[in-house]
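Student: the following block contains a protein sequence and its predicted model.
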Amino acid sequence: VQLQASGGGLVQPGGSLRLSCAASGIIFGLNAMGWYRQAPGKQRELVAMFSGGGTTSYADSVKGRFTVSRDSAQQTTTLQMNSLKPEDTAVYYCYVNTYLRPIREYWGQGTQVTVSS
């Protein structure tokens, strides 16, 4: 099973983008779905996560601007990004894990988001 992310691109500061991620096959025991990002020269960091129990969590830097959602039946997740800032520039990776043991983790291939005027 592979995760395919899409929706990245170049946007001006203050603009919006919507990232989407879909699984190429069925992920049994789907648990959390969310997004990480990695900026040049920095470590990969959690951006937003939608747990299997239905709760969401966000990095402090994106609270109030980004919204993560999921469709468990379709096994998709989206990240709506508003009021984008230059510091949001990074490669964004979708992420999924399972609750069935052995716990499995899946990563998307990454999609570039560039915020620049």
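Tutor: Cool, got the structure.
Student: quick check: bridge partners of the residue nearest to the spatial centre of the chain?
Tutor: For the chain, the residue nearest the mean C-alpha position is residue 35 (2.4 Å; C-alpha atoms, centre = their mean). Using DSSP bridges, the beta-bridge partners of residue 35 come out as residue 48, residue 94.
Student: which ones are touching residue 50?
Tutor: By C-beta atoms under 8 Å, 6 or more residues apart in numbering, the contact set of residue 50 is 32-34, 56, 68-70, 77. Heads up, the C-betas are built off the backbone N, CA and C, glycines and all.
Student: just the buried residues from those residues, in PyMOL please.
Tutor: With 16 or more other C-beta atoms under 10 Å as the criterion, this PyMOL line picks the buried residues out of these:
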select buried, resi 32+33+34+68+70+77
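Student: let me have the contacts of residue 50 in CSV, extended by pLDDT, secondary structure and distance to residue 111.
Tutor: Shown next, in CSV, are the contacts of residue 50 (pLDDT from 0 to 100; DSSP: H, G, I helix; E, B strand; the rest coil; distance: C-beta to C-beta, whole Å):
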residue, pLDDT, secondary structure, distance to residue 111
32, 95, strand, 19
33, 96, strand, 15
34, 97, strand, 14
56, 97, strand, 20
68, 98, strand, 15
69, 97, strand, 17
70, 95, strand, 17
77, 97, strand, 13
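Student: among the contacts of residue 50, which pair sits farthest apart?
Tutor: Among these, the pair separated by the greatest distance (C-beta to C-beta) is 32 and 69, at 13.2 Å.
Student: next, count neighbours for residue 100.
Tutor: 11 (other C-beta atoms under 10 Å).
Student: thought residue 29 was touching it, still the case?
Tutor: Yes: between residue 100 and residue 29 there is a contact at 3.1 Å, judged by C-beta atoms under 8 Å.
Student: what segments of the protein are strands?
Tutor: 3-6, 9-11, 17-23, 30-38, 45-50, 56-58, 66-71, 76-81, 90-98, 105-107, 111-115 (DSSP state E).
Student: which neighbouring elements make contact with the second one?
Tutor: So that's strand 9-11. Strand 9-11 sits against strand 111-115, with contacts defined as 3 or more C-beta pairs under 8 Å, 6 or more residues apart in numbering; DSSP states H and E.
Student: thank you kindly, that will do.
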